[in-house]
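*Asks:* What follows is a predicted protein model with its sequence.
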Amino acid sequence: MTDPVGSRRTDVRQVVLDTETTGLEPGRGHRIIEIGCIEMKDRRNTGRVLHYYINPEREIEDDAIEIHGLTADQLEGEPVFEDVADPLIDFIRDSEVIIHNAPFDVAFINAELSRLGDDWGRLEDYCSVTDTLEMARELHPGQRNSLDALCQRYGIDNSHRSLHGALLDAEILLDVFLALTGGQSSLLLDREEERDTRSGLQVANPVQRHTSLKIVEPTKEELAAHRRMLERLNRN
């Protein structure tokens, strides 16, 4: 379920979600190996995070390792999906879950839930889903709308990302979502204020910088010349 661009609700708890996987096709037995979620309320990051590395109990394709850098050996001691399913559902329950290219992640999560039994249902039974890729395609038709392309378009710094990671990509997606829905400027201002507070710098209030501007009144000759110019433009 997706909401059209421009009809955003602000009274819904939101969760930005991303996954990393062993491959591209859950129908061929590929599994989730990392999941990252970040909570937002009133379009602000609350600081609540859910993040797990997951043992997929199978090999990871080389092409996938090149994207996220995770190997089966590294994940051997991590919990299996069954162990993280309850906290995941509790975290996303009754929220609007925001995903970039949602059909991919939703298909993987639903495949994992189906392995646990019919009683678990589907992701959509617990929350609504918003696809930021679909939103971006509506806003920027015919353009590249990958997460990297959107970061470049909206001036979001993702230079610290050399490999994909579920939590890191969720953090980036949060900024992209706010930019897509018109809230990025306020977020940046908030971050600047926090940075200035931490550094001890005192920043002048921009509203107060120009309170004593000199007002220059036009002369009678200038007003007459202005009226003549307007009359000439109206005749044309």
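*Replies:* Structure received. Numbers count the residues shown, from 1 in each chain.

*Asks:* what about the protein, any weak spots by pLDDT?
*Replies:* Along the chain, the model assigns pLDDT under 70 to residues 1-11, 162-163, 183-236.

*Asks:* okay, now Gly69: neighbour count?
*Replies:* The tally of other residues near Gly69 (other C-beta atoms under 10 Å) stands at 13. C-betas here are computed from N, CA, C, even on glycine.

*Asks:* let me redo that: Ser159
*Replies:* Using other C-beta under 10 Å, Ser159 is surrounded by 6 other residues.

*Asks:* Check Glu112 too.
*Replies:* If you count neighbours by other C-beta under 10 Å, Glu112 ends up with 24.

*Asks:* Shouldn't it be within a strand?
*Replies:* No: according to DSSP: H, G, I helix; E, B strand; the rest coil, Glu112 belongs to no strand; its state is helix.

*Asks:* hang on, isn't it packed against Ala85?
*Replies:* Yes: assessed by C-beta atoms under 8 Å, Glu112 is found in contact with Ala85 at 7.3 Å.

*Asks:* need the strands for the chain, in chain order.
*Replies:* Under the criterion DSSP state E, strands of the chain are mapped to 14-21, 32-41, 44-53, 96-99, 128-131.

*Asks:* And the fourth one, what does it pack against?
*Replies:* Meaning strand 96-99. Helices and strands touching strand 96-99, by 3 or more C-beta pairs under 8 Å, 6 or more residues apart in numbering; DSSP states H and E, are strand 14-21, strand 128-131, helix 166-180.

*Asks:* Now do the first one and strand 32-41, the angle between them.
*Replies:* Using axes from the mean of the first three to the mean of the last three C-alpha atoms, to 10 degrees, the interaxial angle of strand 14-21 with respect to strand 32-41 works out to 170 degrees.

*Asks:* Contacts made by strand 14-21 with the rest, please.
*Replies:* 30-41, 43, 64, 67-68, 70, 91-92, 95-100, 105, 108-109, 127, 164-167, 169-171, 173-174, 177 (C-beta atoms under 8 Å, 6 or more residues apart in numbering).

*Asks:* one step back: next, format the helices and strands packed on strand 96-99 as JSON lines and append distance to His160.
*Replies:* JSON lines is the format used below for these (distance: least, C-beta to C-beta, whole Å):
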{"stretch": "strand 14-21", "distance to His160": "16"}
{"stretch": "strand 128-131", "distance to His160": "25"}
{"stretch": "helix 166-180", "distance to His160": "8"}
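
*Asks:* Phe81: which of these is closest?
*Replies:* For the helices and strands packed on strand 96-99, distance to Phe81 was read as C-beta to C-beta. The smallest value, 10.7 Å, belongs to strand 14-21.

*Asks:* Taking helix 166-180 as reference, get the angle to that closest one.
*Replies:* Per the same axes, to 10 degrees, the angle that strand 14-21 makes with helix 166-180 is 140 degrees.

*Asks:* that older thread, for PyMOL, what selects the buried ones among the contacts of strand 14-21?
*Replies:* To isolate the buried ones among the contacts of strand 14-21 in PyMOL, judged by 16 or more other C-beta atoms under 10 Å, type:
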select buried, resi 30+31+32+33+34+35+36+37+38+39+40+43+64+68+70+91+92+95+96+97+98+99+100+105+108+109+127+164+165+166+167+169+170+171+173+174+177
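
*Asks:* Tell me which of the helices and strands packed on strand 96-99 is the most buried.
*Replies:* Among the helices and strands packed on strand 96-99, strand 14-21 has the highest mean neighbour count (mean count of other C-beta atoms under 10 Å), at a mean of 26.
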